[in-house]
Structures are given as structure tokens and as C-alpha cells.
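Undergrad: Quick one: sequence and predicted model below, then my questions.
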Amino acid sequence: MSPVRPFLSSKLDGFGTTIFAEMSALAVATGAINLGQGFPDTDGPDVVLDTAIAQIRSGNNQYPPGRGEPGLRAAIAEHQQRFYGLTYDPDTEVLVTAGATEALAGALLGMLETGDEVIVFEPMYDSYQAGIALAGARAVPVLLRPVPGAGYGFHPEELNAAVTERTRMILLNTPHNPTGKVFTRDELQIIADVALAHDLWVVADEVYEHLVFAGHEHISIATLAGMADRTLVVSSGGKTFHTTGWKIGWACGPAEMVTATTTAKQFLTYVNGSPFQAAIAAGLGLPDQFFAGLAADLEAQRDLLEQGLRAAGFEVYRADGTYFTTVDIRPLRADGDGMAFCRELPGLIGVVAVPNQVFYMNPEHGRHLVRFACCKRPEVIAQAVERLRHLASGSR
């Protein structure tokens, strides 16, 4: 007998299997090169890997403290001081989480009331809408528009217009997934001014903080005047140290914001990844040349991918940072159907990409846009580029 009530909560109505699962399954089924999901195909630095192995062998395999291993919390605080001049108490203002996704979920669940509104810049990482919905709140989008010959930007008047009496928070992602945009100081100041004028909290997703290319700079909005007291900064070790499967993330901010996040987080995973926490702590202490080299290597991979995408005939929006480059497919597909294009591409030329429309609350804004990832070995990108050339030639 069928149940009278649906199994899925109405809060998650419209949220199904993520696009990453679908496209990665297509990659496996077709043997295609996966430039869709943002995970690297090389391991991180030896000191990070060796520390994890040593921790496992030494017996560090049980529950860590609820807020995270003290050594990692101290390393996170030192990292924030070293790179941004931000001072956090490791005991009260730093929380270790199961990746940045859990930090974001904990913040949204712990800080929002039913009916609150959260301003988000779209396109956005797909967990944002789901996390806001689970909190019983409503996402209010501000559009990031692609600029021909450049990257993405927003209209300040649209940000101001998005604020209502129900607005509680701005959820900011810089460097930005999926566009590759790095918000400038002037743009961040506009956002900060809105937050200060309307007494809003800011949750800043900064997981790509060390993956910023020449001519651009990652600036944490928490460093702007008046913002440290109202900003929760979220990041993780997965992208920086090529350990996305470890799911070691963190949140830093005022004690009250961290406590609210902890209160929700403790009923999600409670804790995770004991041996990996010490390993990420070792990574955060690596010298400056490691972080600079990481960005330089990725920039070269971005350039290789973008050259291939242009040669294939796409209009390319240059990425300032992150793993991702977005393209307009309409020069190659007049109907601009990015979803159909991405579903056909693996069988057509053996390359997987992700349709950007899934990152929009208003999918029509991103229907013609597709995201490719450059976080693969240069020889893999070169092979993908060679396959993409078949699109331009019309051959298979």
C-alpha cells in the first residue's frame, strides 16, 4: 500500500540527485574525460599524505574533540592571521567541520529562522539553495552577469533592491564557483556597506582562497572595516591540498556565530576525520612558495583549457581563479540548450562538462552556459582539448 504522505520533506521539493552525480556517472559509462566535477586527479603534498598515514598508524582513529583537534584549530587561526591579518581564538572562534559544505549547512541551520531571507549571488554552488530551504528560509538571488571579453559582475542597485525587512544574511562565495570570478575590493565594499547598513550577517565561502590567478587577489570580506564582527568565514583543505575526499573544512568568526554553527553541526556528523585533521594542520603550515606554486600551476592548466575552448568555437568567460571556466555554447549550438549539450557531449567526443543552469534559481539566465574544470593533469587537459577541436571541425 502506498504511503499517504510523500517521503521527501516539502522543504526539499525540487531537489533531486545532484548534477555532479549524473555527469560523473556519464563519464564512467562512456569512458569520457571528466571536466565536470571539480576534483583534481593528482595527490597533494607528501607531508600532508605522510602525516595522515602516520596518524592512522599511531592510533588516531577515534572521535576527535567536538570542535576539532586543537592542533588543527590552532593551525587554522595561524593561517588566517598569516594570510589576512585576522585574529581568531582557536578555542571559541574556530570550528572544524566535515568539509565546507557542512560548515555552510551548520551556519544556515543554526542562524536562520523560518521565513528569513538570504541574499545569494547566482549562479551559486548547488548546496546553498538546499541548505537555506532546510533552514526554512528563502534564498533571494542577485544575478552575476557574464561580460563579453571578461568575467562576471553584478549591479549594485540590484543588491540593494534585494534587501527586505526579512533579510537576515548575505551568503557570499569568492573565489566563485561556478564562474571563476574573484570579487574585487570595490565589489566587496559594496556588499559590506549593505550588510552594515541593514545589520546583516555574512557567511563567506572561501574554499578556493589559494587558487587565484595573476592580476587578481583574494580578499576576505572579514578584513573590511566593521565586518569581522558579523562575518563567518568558511574554507577547507580539500581544494588546496588535493584531498577532496577527506572532507576537512572549517568556520572562523565571532564566538556567537561559531557557537550557533556548532550547535547545528553537532547533530549532523558530530565529528569526522581524526587522522586527516592533523594532516591538514601540517599542510596549512607549508611555506608561501607552496601556495604560490599551486596557483601558478593551475593557471597554466586554465590557460591550456581556455585556449582549447576558444579554438573549439565557444565564447569563453575568463576565470580569475578556482577550478572552473564557463563558456557560452550558442556559437556551436544555436538553441543554447546547455543541459542537452552536456548530456550529448560524452557520447559525441568523450568529454564531460556541467550545465550552468543547475546553479541558478532562474535557470533561463544560465541555460546557454556550460562549466568546464581545469583541475586535471596537463596531459589530460591536452587530450580533452584535442577532442574539443572536433566540435569546431564538425567531425567525430
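TA: Looks like it arrived, so ask away. Quick caveat, the model's predicted, so the values are computed rather than measured.
Undergrad: and the longest helix for the chain?
TA: helix 288-312 (DSSP state H).
Undergrad: by contact count, what packs against the helix or strand that that helix is followed by?
TA: Later in the chain than helix 288-312, the nearest helix or strand by DSSP states H and E is strand 315-317. The contact analysis (3 or more CB pairs under 8 Å, 6 or more residues apart in numbering; DSSP states H and E) places strand 315-317 against helix 288-312, strand 324-328. C-betas here are computed from N, CA, C, even on glycine.
Undergrad: let's go with 10 Å and repeat that
TA: Where contact means 3 or more CB pairs under 10 Å, 6 or more residues apart in numbering; DSSP states H and E, strand 315-317 is packed against strand 145-146, helix 288-312, strand 324-328, strand 369-373.
Undergrad: Would you format the ones you listed as CSV with mean neighbour count, distance to Asp43 and mean pLDDT included?
TA: Below are these laid out as CSV (neighbours: other CB atoms under 10 Å; distance: least, CB to CB, whole Å; pLDDT from 0 to 100):
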stretch, mean neighbour count, distance to Asp43, mean pLDDT
strand 145-146, 16, 34, 93
helix 288-312, 17, 13, 96
strand 324-328, 25, 21, 96
strand 369-373, 26, 17, 97
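Undergrad: need the ones you listed in TSV with distance to Met23, can you?
TA: Shown next, in TSV, are these (distance: least, CB to CB, whole Å):
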stretch	distance to Met23
strand 145-146	21
helix 288-312	17
strand 324-328	14
strand 369-373	10
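Undergrad: picking that back up, quick one: the longest helix of the chain to chain centroid distance?
TA: 18 Å (CA atoms, centre = their mean, to the nearest Å).
Undergrad: Also stretch 113-131?
TA: Distance of stretch 113-131 from its chain centroid, counting by CA atoms, centre = their mean, is 14 Å.
Undergrad: Ok, stretch 269-286 next?
TA: 19 Å.
Undergrad: Just give the number of residues close to Asn61.
TA: Asn61 has 10 neighbours, counted by other CB atoms under 10 Å.
Undergrad: helix, strand or coil for it?
TA: Three-state assignment for Asn61 (DSSP: H, G, I helix; E, B strand; the rest coil): coil.
Undergrad: how close does it sit to Arg73?
TA: Applying CB to CB, to the nearest Å, the value for Asn61 to Arg73 is 19 Å.
Undergrad: Select, out of the helices and strands packed on strand 315-317, the one closest to Asn173.
TA: strand 324-328 (11.7 Å; CB to CB).
Undergrad: what lines up beside that closest one in the sheet?
TA: Its sheet considered, strand 324-328 pairs with strand 315-317 (antiparallel), strand 369-373 (antiparallel) by DSSP bridges.
Undergrad: Any idea which of the ones you listed gets closest to Ile191?
TA: Taking CB to CB, strand 315-317 is the member of those nearest to Ile191, at 21.0 Å.
Undergrad: Other residues contacting the closest one?
TA: 146-152, 179-181, 305-310, 325-332, 368-369, 372 (CB atoms under 10 Å, 6 or more residues apart in numbering).
Undergrad: One more pass at 6 Å, please.
TA: With CB atoms under 6 Å, 6 or more residues apart in numbering as the test, strand 315-317 has contacts from Pro146, Gly151, Glu306, Leu309, Arg310, Thr326, Val327, Asp328, Pro331.
Undergrad: Over to stretch 135-147?
TA: The contact list for stretch 135-147, computed with CB under 6 Å, 6+ apart, reads 108-109, 112, 114, 116-122, 129, 132, 152-154, 158-159, 162, 179, 317, 361.
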